[in-house]
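Novice: no FASTA, just this:
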């Protein structure tokens, strides 16, 4: 039969072991959280890059469409000027 002091010593040992396991788990959790935060920062940087690329692409599309419209308008203008000159003359 165990004495009260032996039971108390066994209980203190179990409690110490439990605290050690909890500290190990806490360290693992902190490491996981840190790596997750790094991954999120990387994703944020990439998403800003994608957003900038999409904006650049959209602006290039607008610029190219405007350039095409200007070319068409400039090409059709002399014909309109000739028609106006014929009807005036």
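Specialist: Arrived safely, thanks for sending. The model shown is predicted, which means the values in this text are computed figures rather than measured ones.

Novice: show me where this structure has helices.
Specialist: In order along the chain, the chain carries the following helices (DSSP state H): 4-88.

Novice: where in it is pLDDT low?
Specialist: Where the chain drops to pLDDT under 70, the residues are 77-85, 88-89.

Novice: Near residue 68, how many residues? Count them for me, please.
Specialist: 10 (other C-beta atoms under 10 Å). In short, each C-beta sits where N, CA and C put it, glycine included.

Novice: ok, now residue 49?
Specialist: With other C-beta under 10 Å as criterion, residue 49 counts 10.

Novice: Next one: it relative to residue 55, how far apart?
Specialist: 11 Å (C-beta to C-beta, to the nearest Å).

Novice: do residue 41 as well
Specialist: Residue 41 sits at a distance of 21 Å from residue 55 (criterion: C-beta to C-beta).

Novice: Kindly report the same for residue 31.
Specialist: 37 Å.

Novice: And for residue 15?
Specialist: On the measure of C-beta to C-beta, residue 15 and residue 55 end up 59 Å apart.

Novice: next one: residue 17
Specialist: Counting by C-beta to C-beta - residue 17 and residue 55 are separated by 57 Å.

Novice: again with residue 37
Specialist: 27 Å.

Novice: go on, residue 44?
Specialist: Counting by C-beta to C-beta, the gap from residue 44 to residue 55 is 17 Å.

Novice: repeat for residue 6
Specialist: For residue 6, the distance to residue 55 (C-beta to C-beta) stands at 73 Å.

Novice: cool, and residue 29?
Specialist: With C-beta to C-beta as the criterion, residue 29 and residue 55 are 39 Å apart.

Novice: same question, residue 8
Specialist: Distance, residue 8 to residue 55, by C-beta to C-beta: 69 Å.
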